[in-house]
Each structure stands twice: as C-alpha cells, then as structure tokens.
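Engineer: structure here, sequence nowhere to be found:
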Ligand code: SIN
Ligand code: MN
C-alpha cells in the first residue's frame, strides 16, 4: 500500500495519518479474540496496572500468538511505512495496550523517540508508530491524544517518570505541553483525539507528542501499537530486555493482504514462554562490542 502525495504532505505537516475502518470487522475480530489468552498469562510480557490485575500493556505478541504474528507482516500496515521511509523496516516494539474498562490508567505526555534514544540508542527518528484499535474509541474510554505538528520540534527534553504508573516513561513537563498546544492552535486544533471505530489505524511520527487519560467508562479500549524502525536505524544498545526492545533487525517479509483471514504459516518462537535471553540486558554499546 502506497501513500498519495496529499497524505505525505499531511504527514509532514501534522505528524500523523488517520485511516478509519482500515481493517474489517471480520479481520479485527480475529485479533480481538486472541487477546484474552495473551492477557491471562502470568509472564513478564504482561505489565499490569498499578494496584490492579488489569493488563496495561502486553509485549511481543507477534512472537507468541499467530494472529498477531500475521498482523506484524500485514501489507496494509507495513506498506505505507516502507513507502514513507523508502527502506525496509523491522519490528522494534510490539504492544497490545489494554486501557481496560474502569481500570485503564493514564499515559503521560511523551514522545516515543525520546525513550528509543535515551534507553535504546536508536540513532535517528526513522521509526514509526502504528496504532490499530481493536475496540471503538470514543471520548469516554481514554482516546489517544496528539498535539498536531509537535513532531517538528524534534526530540524534546523529558524526565524519566518511574512512579506515576506501573510502566516507566520519559515524560514531558506541563509548561512545555502548554506551549506546544498553544503553538498548535490552543483551543482551536492544538490537540486532537481521533474517534475511531474498531479496525481503524493511525500512523504517527516517533517525535509526535501524545498521551491518553484514564478509562472510567465500562468500555475497554484495547489497541495494538507497532513500532517499525528503518533497518539502517536499528538500536545500538540492549539496555531494555528483548521482549520490550527487539534485537532482530531482519526486514519484515510481507504476507498477502488476506493474511488475517487465512492461516498463512508464521513462526511463534516464544509461544511457550520467554527464553532466558529475552530477559537479559546490557549497558554496552553494540558498535563497541562489534569492534
Ligand atoms: C503509548 O503511548 O504507547 C500508549 C498510549 C495509549 O495507549 O493511549
Ligand atoms: Mn507512546
């Protein structure tokens, strides 16, 4: 799948592209049905909300569950990213965020590239976030919010927040968020929160500032977040475990467009549990190791 010149221009300007109903109800159901089996497992790859058993985020489902392994190779998801980067991509991170009814906690204001740079030593911003919503997203269930155009600021200073939620994040202080929202139009377009039927997809720049509130509604807001990195831009440090920041830089090989509906063979090497290697971390720079 290729982007039109208008879509490219919009991405440059706003830092995101919204594709409502990109996956059909039938395709989305294949994914949604696979979530409970993943979330029920007592493994490091399930991070639960602070003080609750609800899953906040699940990592590496593309190495554990066949439907998600197929999604990770879907041309309708990977195609536009390869087109924008004009390069092959590998999977840097794969999350299924729960944002469960009544329990889903906030994601503070942040840029993803801040974490990839600070923790993983990813050289440049040539990595893309793809959000695919498995539930309808409304104003009630903690929609994802963006500050349009904020990606053009590049990497913004951030603090490592280890306490607000159960998951550490490099977050941006409120004075700077106020400034960015003002510059983007304040009350008139300075923030957006696309309302999305299940199956919608959003591509967003790795420097786009985003957040989401808690989910006090009785509706889950399960969403898959795939982070695709240009192969030449692979991470240079393995400070975070492999199930969070992947170390296999092999370009993604695409499956046919009907891959969510037909059982094309895919490998799920971590289906019986994480190997010990996936938990190991190191502070060495891998360029140094190779030298
Ligand atoms: C994220 O920024 O990784 C998650 C945001 C969300 O799920 O709302
Ligand atoms: Mn994020």
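Structural biologist: Here it is on my side, so go on. Note that the coordinates shown come from a computational prediction; the quantities given were computed from them, not determined experimentally. Ligands and ions are numbered 1, 2, ... in the order given.

Engineer: what is the neighbour count of residue 230?
Structural biologist: For residue 230, the count of nearby residues is 24 (other Cβ atoms under 10 Å). C-beta here means a position set from N, CA and C on the backbone, and glycine is covered the same way.

Engineer: kindly report the residues of this structure close to ligand 1.
Structural biologist: 97, 99, 107, 144, 210, 212, 223, 225 (Cβ under 6 Å from any ligand atom).

Engineer: now with 5 Å?
Structural biologist: 97, 107, 144, 212 (Cβ under 5 Å from any ligand atom).

Engineer: closest to residue 84 among those residues?
Structural biologist: The nearest member of these to residue 84, counting by Cβ to Cβ, is residue 144 at 19.7 Å.

Engineer: what's the neighbour count on that closest one?
Structural biologist: The local packing of residue 144 (other Cβ under 10 Å) involves 24 other residues.

Engineer: and it, what are its bridge partners?
Structural biologist: residue 212 (DSSP bridges).

Engineer: CSV for the residues of the chain next to ligand 1, including pLDDT?
Structural biologist: Converted to CSV, these look like this (pLDDT from 0 to 100):
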residue, pLDDT
97, 98
107, 98
144, 98
212, 98
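
Engineer: distance to residue 166 for those residues - can I get that in CSV?
Structural biologist: As requested, the residues of the chain next to ligand 1 are exported to CSV (distance: Cβ to Cβ, whole Å):
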residue, distance to residue 166
97, 12
107, 11
144, 19
212, 15
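
Engineer: and the strands in the protein?
Structural biologist: 16-19, 46-48, 55-59, 89-97, 107-110, 127-133, 144-146, 159-161, 169-171, 201-205, 210-212, 223-230 (DSSP state E).

Engineer: make a markdown table out of those and add distance to residue 259.
Structural biologist: Output for the strands of the chain, formatted as a markdown table (distance: least, Cβ to Cβ, whole Å):
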| stretch | distance to residue 259 |
| --- | --- |
| strand 16-19 | 17 |
| strand 46-48 | 25 |
| strand 55-59 | 21 |
| strand 89-97 | 15 |
| strand 107-110 | 29 |
| strand 127-133 | 14 |
| strand 144-146 | 25 |
| strand 159-161 | 37 |
| strand 169-171 | 32 |
| strand 201-205 | 15 |
| strand 210-212 | 28 |
| strand 223-230 | 14 |
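
Engineer: now stretch 94-113, how far from the centre of its chain.
Structural biologist: 10 Å (Cα atoms, centre = their mean, to the nearest Å).

Engineer: and the end-to-end length of that stretch?
Structural biologist: 15 Å (Cα to Cα, to the nearest Å).

Engineer: and if you look at stretch 175-191?
Structural biologist: Across stretch 175-191, the terminal residues are separated by 15 Å (Cα to Cα).

Engineer: let the chain start at 738 from now.
Structural biologist: Right, with 738 as the first residue, what we last looked at is stretch 912-928.

Engineer: for that stretch, buried residues please.
Structural biologist: 913, 914, 917, 918, 921, 927, 928 (16 or more other Cβ atoms under 10 Å).

Engineer: so for the fourth one, what's the pLDDT?
Structural biologist: To tie it back to what came earlier, the one meant is residue 918. On pLDDT, residue 918 comes in at 98.

Engineer: surely it is in contact with residue 884?
Structural biologist: Yes - assessed by Cβ atoms under 8 Å, residue 918 is found in contact with residue 884 at 5.7 Å.

Engineer: overlap in contacts, these two.
Structural biologist: Common contacts of residue 918 and residue 884, defined by Cβ atoms under 8 Å, 6 or more residues apart in numbering, comprise 927, 928.
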